[in-house]
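Asker: quick one, what's the 3D model for this:
(one chain, ligands or ions: 3)
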Amino acid sequence: MRTNVTLEEALAMLLKESGTIEAVHVPLLDALGSVLAENIVSDMDMPPFKKSPLDGYAVRGEDTEGASKDTPIILKVMDFVPAGYVSNKRLGKKEAMRIMTGAKIPEGADAVVKFEDTKYTEETVTVYKKYPVGTNIVKAGEDMEKGDLVLQKGEVIDAPEIGILATLGKAYVEVFRKPRVAILSTGDELVDMQQPLVEGKIRNSNSYTIAAQIKKLGAKPLMLGICSDAIEIIKAKLNSALNWADIVITTGGVSVGDHDLAKEAFREVGAEVLFWRVRMKPGTPIAVAKKEEKLIFGLSGNPAAAYITFEQFVRPIILKKMGRGNYKLMEVKSILESDFTKASNQNRFVRGNTYYRDGKYYTRLPEKHSSGVLTSLMGTNSLFYIKALTGPYKKGDEITVQLLNHPEVLK
Ligand SMILES: Nc1nc2c(c(=O)[nH]1)N[C@H]1C(S)=C(S)[C@@H](COP(=O)(O)OP(=O)(O)OC[C@H]3O[C@@H](n4cnc5c(N)ncnc54)[C@H](O)[C@@H]3O)O[C@H]1N2
Ligand code: MOO
Ligand SMILES: [Mg+2]
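Answerer: Ligands and ions are numbered 1, 2, ... in the order given. I've put the predicted structure just below:
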């Protein structure tokens with residue numbers, strides 16, 4: 001087991017130890033937020049036929065030669081084509097067909113004139129200018145052509161991708177399975193919300209915060225509840241977590257206290273502890289173990305420490321497992337709006353609220369910074385990343401912040 005590793009070493013180790021999860025076939029809408037595990041090649045032109053982009057009249061361009069305001073041309077209306085229908089007639093000389101947006105261009109027609117530019121009766125339409133061949137005709141395959149590689153393996157499926165797949169009739173799609181992440185909160189002081197809050201106890205918040213963080217990433221959380229500081233109970237819960245989950249998260253019991261049993265429990269279920277303690281604040285005592293392909297993250301019990309170490313270490317692993325190539329948090333330069341004078345010989349993440357104004361980012365810091373304080377994480381959309389042995393920082397200084405709610409960083 002390695003101890004006191006740097007942030008970079010810890011992350012590199014974790015990324016090396018985890019791969020992408022297997023692909024599964026899911027109903028189209030369930031693929032939202034997942035990563036495509038297959039290439040999608042179009043088996044058709046879209047649109048599949050030449051269509052009208054307007055409500056108007058399909059005409060032959062050549063019939064409009066010489067038309068002008070003073071010398072309009074009158075065409076005979078010989079059919080009507082609403083969208084979804086096709087005319088079985090062929091447009092002849094000096095003929096027009098009334099056509100609606102989205103309808104297939106009838107045989108013989110090669111231009112469309114919109115209603116507003118004509119005068120019409122039931123039998124005739126009058127055209128006042130020349131419409132060259134191809135005017136207002138949407139080509140077959142304008143959107144995609146048969147044989148086009150429309151979506152590539154590795155792309156994240158968002159709403160437009162869902163629409164494209166629907167266009168191609170893909171009722172099921174192959175995506176990387178969403179990782180299952182089990183959460184176990186350890187600590188004799190914890191009670192669940194349904195239980196009475198007796199003296200010396202607090203309610204378990206970590207399970208809920210972390211389940212929400214997992215859900216936000218599109219993975220599947222499973223809360224295994226609370227577990228007392230008793231090695232046999234922790235082991236039993238860990239074993240059932242490892243049965244179900246791809247990743248296991250525990251909180252609490254990773255420091256040096258008499259009842260801090262997480263590492264010992266990890267070993268006793270047959271996992272290898274990769275490292276314990278990272279040179280960062282908060283969340284220093286994090287321990288990560290591995291059993292077969294599964295990582296077990298032992299996060300600090302302190303709520304803000306657990307939250308921040310999740311974002312630093314668990315988030316990239318979940319995203320990598322889901323097949324996402326971009327799992328780095330976006331870092332930007334920002335202007336500090338208040339002093340931060342606390343000296344630190346460790347890398348430190350300070351919660352901040354970053355906003356954008358007139359081309360620049362600005363970051364406000366909350367008053368409370370303790371890793372036991374959860375309320376000042378409200379409104380935290382970014383982390384002020386202080387490198388070891390830098391600072392103190394003053395209002396107006398340029399700082400580096402990680403944006404927490406910005407999902408994509410281009411490689
Ligand atoms: N002698 C030392 N003591 C401590 C050190 C140290 O280096 N030497 N490190 C401190 C730091 S830093 C941290 S962080 C904590 C980490 O402690 P643990 O991971 O062992 O967590 P616990 O002791 O179980 O709990 C810490 C704190 O968090 C509360 N907690 C725990 N679980 C939950 C939960 N599910 N929901 C809400 N709150 C929770 C718990 O009651 C404690 O107050 O260790 C320091 N000590
Ligand atoms: O590392 Mo602990 O989270 O600072 O309190
Ligand atoms: Mg402890």
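Asker: so residue 240 is in which element?
Answerer: helix 231-244 (DSSP states H and E).
Asker: same check on residue 147?
Answerer: Short version, using DSSP H and E: residue 147 is in no helix or strand.
Asker: can you check residue 3 too?
Answerer: Secondary structure from DSSP H and E places residue 3 in strand 2-5.
Asker: next, the buried residues of that strand.
Answerer: residue 5 (16 or more other C-beta atoms under 10 Å). No exception for glycine: its C-beta is placed from N, CA and C like everyone else's.
Asker: after the helix holding residue 240 comes which helix or strand?
Answerer: Next element after helix 231-244 (DSSP H and E): strand 247-251.
Asker: give the rounded mean pLDDT of the helix or strand that that following strand is followed by.
Answerer: Scanning forward in sequence from strand 247-251 by DSSP H and E, the next helix or strand is helix 262-268. Averaging pLDDT along helix 262-268 gives 97.
Asker: just checking, next helix/strand downstream of helix 262-268?
Answerer: Using DSSP H and E, the helix or strand that directly follows helix 262-268 along the chain is strand 272-278.
Asker: so how far is that next one from its chain's centroid?
Answerer: Remark: strand 272-278 is offset 29 Å from the chain centroid, using C-alpha atoms, centre = their mean, to the nearest Å.
Asker: list the helices and strands the following helix or strand past that strand packs on?
Answerer: Next helix or strand after strand 272-278 toward the C-terminus (DSSP H and E): strand 280-281. Packing contacts for strand 280-281, counted by 3 or more C-beta pairs under 8 Å, 6 or more residues apart in numbering; DSSP states H and E, involve strand 347-357.
Asker: got the angle for the very next helix or strand once past the strand it packs on vs strand 347-357?
Answerer: Helices and strands here follow DSSP H and E; after strand 347-357, the next one along the chain is strand 360-364. Here strand 360-364 points in a direction 120 degrees away from that of strand 347-357 (axes from the mean of the first three to the mean of the last three C-alpha atoms, to 10 degrees).
Asker: now the strand or helix carrying residue 96: mean pLDDT?
Answerer: Residue 96 is located in strand 95-99, with elements delineated by DSSP H and E. What strand 95-99 shows for mean pLDDT is 98.
Asker: tell me which strands it pairs with, and in which orientation.
Answerer: Sheet neighbours of strand 95-99, with direction, are listed as strand 56-59 (antiparallel), strand 73-81 (parallel) (DSSP bridges).
Asker: alpha carbons only: can I get the shortest one in PDB?
Answerer: Read it as strand 56-59. The C-alpha atoms that make up strand 56-59 are tabulated as PDB, following Å, rounded to 0.1, in the frame of the first residue of the first chain:
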ATOM      1  CA  GLY A  56     -47.200  26.400 -52.300                       C
ATOM      2  CA  TYR A  57     -47.100  25.000 -55.900                       C
ATOM      3  CA  ALA A  58     -44.900  22.500 -57.500                       C
ATOM      4  CA  VAL A  59     -44.100  23.700 -61.000                       C
END
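Asker: relative to the whole chain's centre, how far out is it?
Answerer: Taking the mean of its C-alpha atoms, strand 56-59 sits 44 Å from the chain's own mean (C-alpha atoms, centre = their mean).
Asker: so the protein: which segments form each domain?
Answerer: Taking automatic domain parsing as the reference, the chain has its domains at 2-22+177-321, 25-44+152-176, 56-127, 329-407.
Asker: give me whichever of the ones you listed is most buried.
Answerer: domain 2-22+177-321 (a mean of 19; mean count of other C-beta atoms under 10 Å).
Asker: quick one: contacts for the residue nearest to residue 269 when sequence neighbours are not counted?
Answerer: Leaving aside its sequence neighbours, residue 269 sits nearest to residue 238 (C-beta to C-beta, 6 or more residues apart in numbering; 4.8 Å). The contact partners of residue 238, taken as C-beta atoms under 8 Å, 6 or more residues apart in numbering, are 184, 248, 250, 265-266, 269, 296.
Asker: hang on, the earlier thing: roughly how far out does the strand holding residue 96 sit from the chain middle?
Answerer: On the basis of C-alpha atoms, centre = their mean, strand 95-99 sits 47 Å off its chain's mean C-alpha point.
Asker: which residues sit in contact with the residue in the stretch 301-411 of the chain positioned nearest to ligand 1?
Answerer: Taking C-beta to the nearest ligand atom as the measure, the point where the stretch 301-411 of the chain comes nearest ligand 1 is residue 301, at 2.6 Å. Residues near residue 301 by C-beta under 8 Å, 6+ apart: 185-187, 206, 251-254.
Asker: hmm, back to that, quick one: contacts of the strand holding residue 96?
Answerer: So strand 95-99 is contacted by 52, 55-60, 63, 75-81, 87, 89, 91, 105-106, 108-109, 112-113, 120, 125 (C-beta under 8 Å, 6+ apart).
Asker: try stretch 37-52
Answerer: 23, 58, 99-105, 112, 136-153, 164-165, 167-168, 170, 173-176, 323.
Asker: show me where the stretch 101-250 of the chain has strands.
Answerer: Here the stretch 101-250 of the chain has its strands, by DSSP state E, counting those that start in this stretch, at 111-114, 118-120, 124-127, 149-151, 172-176, 180-186, 190-191, 202-203, 220-227, 247-251.
Asker: can you list those in TSV and add mean pLDDT and distance to ligand 1?
Answerer: Shown next, in TSV, are the strands of the stretch 101-250 of the chain (pLDDT from 0 to 100; distance: least, C-beta to the nearest ligand atom, whole Å):
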stretch	mean pLDDT	distance to ligand 1
strand 111-114	97	65
strand 118-120	96	72
strand 124-127	98	74
strand 149-151	98	41
strand 172-176	98	30
strand 180-186	98	4
strand 190-191	98	5
strand 202-203	98	6
strand 220-227	96	7
strand 247-251	98	5
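Asker: next, the angle strand 347-357 makes with the helix or strand following the strand holding residue 3.
Answerer: Heading C-terminal from strand 2-5, the first helix or strand you meet, by DSSP H and E, is helix 7-17. Angle, helix 7-17 to strand 347-357, by the same axes, to 10 degrees: 90 degrees.
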